[in-house]
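Participant: Below are the sequence and a predicted model for it; my questions follow.
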Amino acid sequence: MKKRTALISALLALVILTTCLFAACGKERTPATAESFRSTLEAKGYTVQDATASTQGGDTTNGVYIALNPESNLQVELYLMKSETGCASVYENNVANAKNAVSGTSSEAVVNLGSFQKFTQTDDSVFYIIARIGDTMLYCKTDKANADEAKAVFEELGYK
């Protein structure tokens, strides 16, 4: 009887866990727009610039926006790409570059759920957070001391 109760409890827990995972996978994420990026970060005291003209990705990007917090020097970049495939490629290149730049001990976390991807990496002094939803990508490389602020910005913009 105890074995049967334990088995039923384990199966019930598995069903609940599976349901939660599928709910998270199916959650539709809304990518940032230039307007939402600007308004959200300017409200937090950031200076936001349209850097589209100064980038070399004119044939692959629809827009590039850079937000800078003048107090912490945290910089967050938004890339609006012309295609989801192109964005995935740029995301993978940035992740590879971050992995190659590691110095000392590091830890990383990766999330891949459909058109949502997120990579975080911390080493002895640098924190990377790179995320994409569809054809948009957020990028931040900062001092380890600014990691919490960077994570909060990404979450507020919906890249969590």
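Facilitator: Structure received.

Participant: Give me the neighbour count for the nearest residue to residue 59 once chain neighbours are set aside.
Facilitator: Leaving aside its sequence neighbours, residue 59 sits nearest to residue 82 (Cβ to Cβ, 6 or more residues apart in numbering; 7.8 Å). For the C-beta atoms, the positions are set from N, CA and C on the backbone; glycine is no exception. Neighbours of residue 82 under the rule other Cβ atoms under 10 Å: 15.

Participant: Hmm, residue 61 and residue 82 touching each other?
Facilitator: Yes. Assessed by Cβ atoms under 8 Å, residue 82 is found in contact with residue 61 at 6.6 Å.

Participant: is it true that residue 41 touches residue 150?
Facilitator: No. Using Cβ under 8 Å as the test, residue 41 is too far from residue 150 to be in contact (12.0 Å).

Participant: Who are the contact partners of the nearest residue to residue 81 once chain neighbours are set aside?
Facilitator: Nearest residue to residue 81, sequence neighbours excluded (Cβ to Cβ, 6+ apart): residue 87, at 3.8 Å. The contact partners of residue 87, by Cβ atoms under 8 Å, 6 or more residues apart in numbering, come to 79, 81, 132, 134, 135, 136, 137.

Participant: looking at it, the second one is touching residue 59, isn't it?
Facilitator: By that I understand residue 81. No. Here residue 81 lies out of contact with residue 59, judged by Cβ under 8 Å, at a distance of 10.8 Å.

Participant: Determine which two of the contacts of residue 87 are furthest apart.
Facilitator: Spatial extent of these (Cβ to Cβ) is set by the pair 79 and 134 at 11.6 Å.

Participant: The two - which one has more neighbours?
Facilitator: Shown here are residue 79 and residue 134; by other Cβ under 10 Å, residue 79 has more neighbours (25 against 16).
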